[in-house]
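K.L.:
please work out how this folds:
(chains A, B, C, D, E and F)
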Protein chains: 4
Amino acid sequence: MMKTKDRILDVARKMIAEVGFHSTTTALLAQKAGISEGTIYRHFASKDDILVTILDELDERYSEFITQLKTEGDGHPGTIERVLEANFKFVAEHLEGIKIVLSSFALLPPSRRSMNSVIDRMRTFAAESIVRSMELGVIRQVDPERTAMVLVALLLGLLELRLYWPENTDINAEAVAFCRQALVKIQ
Amino acid sequence: MMKTKDRILDVARKMIAEVGFHSTTTALLAQKAGISEGTIYRHFASKDDILVTILDELDERYSEFITQLKTEGDGHPGTIERVLEANFKFVAEHLEGIKIVLSSFALLPPSRRSMNSVIDRMRTFAAESIVRSMELGVIRQVDPERTAMVLVALLLGLLELRLYWPENTDINAEAVAFCRQALVKIQ
Amino acid sequence: MMKTKDRILDVARKMIAEVGFHSTTTALLAQKAGISEGTIYRHFASKDDILVTILDELDERYSEFITQLKTEGDGHPGTIERVLEANFKFVAEHLEGIKIVLSSFALLPPSRRSMNSVIDRMRTFAAESIVRSMELGVIRQVDPERTAMVLVALLLGLLELRLYWPENTDINAEAVAFCRQALVKIQ
Amino acid sequence: MMKTKDRILDVARKMIAEVGFHSTTTALLAQKAGISEGTIYRHFASKDDILVTILDELDERYSEFITQLKTEGDGHPGTIERVLEANFKFVAEHLEGIKIVLSSFALLPPSRRSMNSVIDRMRTFAAESIVRSMELGVIRQVDPERTAMVLVALLLGLLELRLYWPENTDINAEAVAFCRQALVKIQ
DNA sequence: CATGAATGAGCGTTCATTCAT
DNA sequence: AATGAATGAACGCTCATTCAT
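P.N.:
Predicted coordinates for the structure are as follows:
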């Protein structure tokens, strides 16, 4: 049997992803989790605390994911594709959390903080991949920082299209090809 | 002297862009607009109606903008760059409206509808530009629909980075270069 | 017809005096005042604000009362009796307010502040009366400050007995006689 | 090692004296006593029951104190001073309990009951002392009941000044002198 | 056209009390 | 004896909306 705290988190994650933080009322949350409203406050200091817990967990997962990606990828070619594809995979496995961040980073400070850290990690890792790829001679010479930022922008846009317009055809493969072409070494 | 209705819209646009639709209370809106709360309801059916009006206006402007772009651009080369650059310009001139749509399309139906139509227009126009560019032989052969979608994704990501992380260096030029390289004809 | 704000204040004063600030709920207050709960917050920023308003009003009245007492009493003999008797009269005319202060100054900061100022004024005025009476030669030589404080203590105790044990026989006259005897000049 | 019940009482007495009965929550009480919330209800029927137990204990102590005072004092002169001074001593030894009663007798029925009995005993004892002192010829002829009540009022006022304005100079000695002068036999 | 007082449903949160373990 | 998770009623407060003037 699942612990109450985890059940609250699970239900909250779903609700916030679906209807947003504001419309996720404690009354409805308690009802859907099959507990009383007061019980929420035995496990969380406030409604905000629930959001922060969800975001912190996602942060942690993303940090682990980036770390793992770095250790795995050592010496392998084709790293730019891997940056993109690995991120696609991470997103697919954390749809709800990502939806929450993307839909509220503009307005909710905790979400904003989370988004800051995600973007920072993404950009740093992308820049490192670009530098390595240039050293390996598999891509042409570019400004690593700026190009990494362009990749982050593309990734961000792809994410939103995927999450909020899932009925569209999947263009991830096309995006990877687009990037490869943009960065490929001209012989 | 400005009409009351327009003053309400102006103040509302600023407030919603800054703090979001939920945190924009009718009480504060009335106060900042120098009118009484009841007066808002002389001009708008509901708080939602204000948002819809703002969004419809933005829609209208974007539609005009796309139309103008099409007539202007006939027969000119380098259309992909123009798609991007013209959009950057439009955004710069409608910062508040764009901020509202981007920060709420995931949660507010009217915003969602607006975003749908913007993305649709953007994608259609990009696809047309790509087709034309291919006919002119200035870019390589690609799938127009999918590539247009990739461009939309990139545009969307760039917008968000620009609006919510304005402290970052402007990478618009880099993005344009990135796209040119991705699409350029290999001789 | 009475203004809503004043009706709220009136009902609140009665309720707080009777059952205390904690037990005076906004729901009950609204009901007894014949208004909705939300209306309270059109006139007061918070429940605390109602208390503060009541206390400030009482403060103001007491300040006026002391001022008037000073101007009236110039040159008249028997001032110690007048200090006591005037205070009895003030209390009788502001029973509810006084009850509120006395019942909550130990626990509620705004009430505490109010009580501080009342005691201060009372003591200062008593000390001045004592000094004047000594100069006039109608009372014996005493330490004015300390004796004033004793009078304040007695006044405070009499007040509480009167307000919370109204079934007891009125001992105000006895108290005045007690003080006269304690201060009278021994020939 | 202290029994759990006594530890609860001790912590509760301190908390209630400091922040009041309302602000003394069972959660905080349990935490400060190093027990779980449920344990409180093994030893007390309700939160109210804790208060009543504390008050009953104080009542008991005061009753013992008065009894002892009566047996001790037989035949000794200067009894009025002793009434006052003994009470000062009792207060000093039961500060917390006294603070609880004084701060809540106006609003909490159990506290009110306690205060009734204290005042009754105080007044009765004071009246007896006065009668005896008159018989011994050490004070002038006064109405014993009413004068006792005046003494109780003074005592009550002194207590409050002492407990809630401890920064003031101690006027107990002055108060004793004041009473002696008020009651002394004029030769 | 404009006001602003009034509404009332709903919000997040608290807390004394219960009960299975 | 003790625990601590769960309860649920009540709390202070917010806010979009209405309506008599």
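K.L.:
could I have the helix-or-strand element of chain A with minimal mean pLDDT exported to PDB, CA atoms only?
P.N.:
Lowest mean confidence among the helices and strands of chain A (mean pLDDT, DSSP states H and E): helix A:79-93, at a mean of 86. Output in PDB follows, covering the C-alpha atoms of helix A:79-93 (Å, rounded to 0.1, in the frame of the first residue of the first chain):
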ATOM      1  CA  THR A  79      26.900  13.600 -29.100                       C
ATOM      2  CA  ILE A  80      24.700  16.300 -30.300                       C
ATOM      3  CA  GLU A  81      22.100  13.800 -31.400                       C
ATOM      4  CA  ARG A  82      22.400  12.200 -28.100                       C
ATOM      5  CA  VAL A  83      21.800  15.400 -26.200                       C
ATOM      6  CA  LEU A  84      18.500  15.900 -28.100                       C
ATOM      7  CA  GLU A  85      17.400  12.300 -28.000                       C
ATOM      8  CA  ALA A  86      18.200  11.700 -24.300                       C
ATOM      9  CA  ASN A  87      16.200  14.800 -23.500                       C
ATOM     10  CA  PHE A  88      13.300  13.600 -25.500                       C
ATOM     11  CA  LYS A  89      13.400  10.400 -23.500                       C
ATOM     12  CA  PHE A  90      13.600  12.200 -20.100                       C
ATOM     13  CA  VAL A  91      10.600  14.200 -21.000                       C
ATOM     14  CA  ALA A  92       8.600  11.200 -22.000                       C
ATOM     15  CA  GLU A  93       9.300   9.700 -18.600                       C
END
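K.L.:
next, the buried residues of that helix.
P.N.:
Across helix A:79-93, burial judged by 16 or more other CB atoms under 10 Å in any protein chain shown covers A:Thr79, A:Ile80, A:Glu81, A:Arg82, A:Val83, A:Leu84, A:Ala86, A:Asn87, A:Phe88, A:Phe90, A:Val91. No exception for glycine: its C-beta is placed from N, CA and C like everyone else's.
K.L.:
also stretch A:114-134?
P.N.:
A:114-115, A:118-119, A:121-123, A:125-134.
K.L.:
name the element the residue of chain A found nearest DNA strand F belongs to?
P.N.:
Here chain A gets closest to DNA strand F at one residue, A:Gly38, 1.7 Å apart by CB to the nearest atom of the strand. Assigned by DSSP states H and E, A:Gly38 falls within helix A:37-43.
K.L.:
so the next helix or strand after that helix, near chain B or not?
P.N.:
Moving toward the C-terminus from helix A:37-43, the next helix or strand (DSSP H and E) is helix A:47-72. No - using CB under 8 Å from any CB of the partner chain, helix A:47-72 stays clear of chain B, coming no nearer than 13.8 Å.
K.L.:
so for helix A:47-72, mean pLDDT?
P.N.:
Regarding helix A:47-72, the rounded mean pLDDT is 93.
K.L.:
mind checking how far that helix is from the chain centre?
P.N.:
9 Å (CA atoms, centre = their mean, to the nearest Å).
K.L.:
pull out the buried residues from it.
P.N.:
So, applying 16+ other CB under 10 Å, buried residues of helix A:47-72: A:47, A:50-55, A:58-59, A:62, A:65-66, A:69.
K.L.:
and stretch A:32-41, end to end?
P.N.:
Its first and final residues considered, stretch A:32-41 spans 16 Å by CA to CA, to the nearest Å.
K.L.:
what residues does it touch?
P.N.:
A:Thr4, A:Arg7, A:Ile8, A:Val11, A:Ala12, A:Met15, A:Thr26, A:Ala27, A:Leu29, A:Ala30, A:Lys47, A:Ile50 (CB atoms under 8 Å, 6 or more residues apart in numbering or on different chains).
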